[in-house]
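Novice: build the 3D model from these lines:
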Amino acid sequence: MDIIISNSSGEPIYQQISSQIKALILNGTLKEGDALPSMRLLAQQLRISVITTKRAYEELERDGFIESYTGKGSFIKGQNTELLREEYLRQTEELLGQVCEKAKQCDLTLDELIEMLGLIYGGADNE
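Specialist: Below is the predicted model of the structure:
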């Protein structure tokens, strides 16, 4: 499981961990019953505090993505991937709304915005 932490991101580290694990569940990399690394091991791998990984795991458990068992570890819980996908779509729409507002503020045309999005999304490979 590859988790990449960015210190330059405005997002707290525990949220970066949580959102990346959610994305791995959504894309099928992590499946129901898969074990997550222990909080201590993940903290060592990422070179962060165990308290931070604990907070990420607690958030994932509170949101219903994982189940934790004392002495056994944390495991991916069965998901309704359609509900998870809907949440990601809602977040994407919200972010795109913000992007459109910024684009309008600098008089970017829709064609220019679409071209920019195409380049950022993957360039000519996705055309």
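Novice: domain ranges for the protein, per the record?
Specialist: 13-76, 81-126 (automatic domain parsing).
Novice: and the first one, how far apart are its ends?
Specialist: What it means is domain 13-76. 20 Å (Cα to Cα, to the nearest Å).
Novice: just checking, Ile76 touches Lys31?
Specialist: Yes - using Cβ atoms under 8 Å, Ile76 is in contact with Lys31, at 6.3 Å. (Glycine included, C-beta is placed from N, CA and C.)
Novice: sorry, back to before: tabulate the domains of the chain (a markdown table), appending distance to Ser6.
Specialist: Listed next are the domains of the chain as a markdown table, based on distance: least, Cβ to Cβ, whole Å:
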| stretch | distance to Ser6 |
| --- | --- |
| domain 13-76 | 7 |
| domain 81-126 | 17 |
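Novice: highest mean neighbour count out of those domains?
Specialist: The highest mean neighbour count among the domains of the chain, using mean count of other Cβ atoms under 10 Å, belongs to domain 13-76: a mean of 16.
Novice: per-residue confidence averaged over it?
Specialist: For domain 13-76, the mean per-residue pLDDT is 94.
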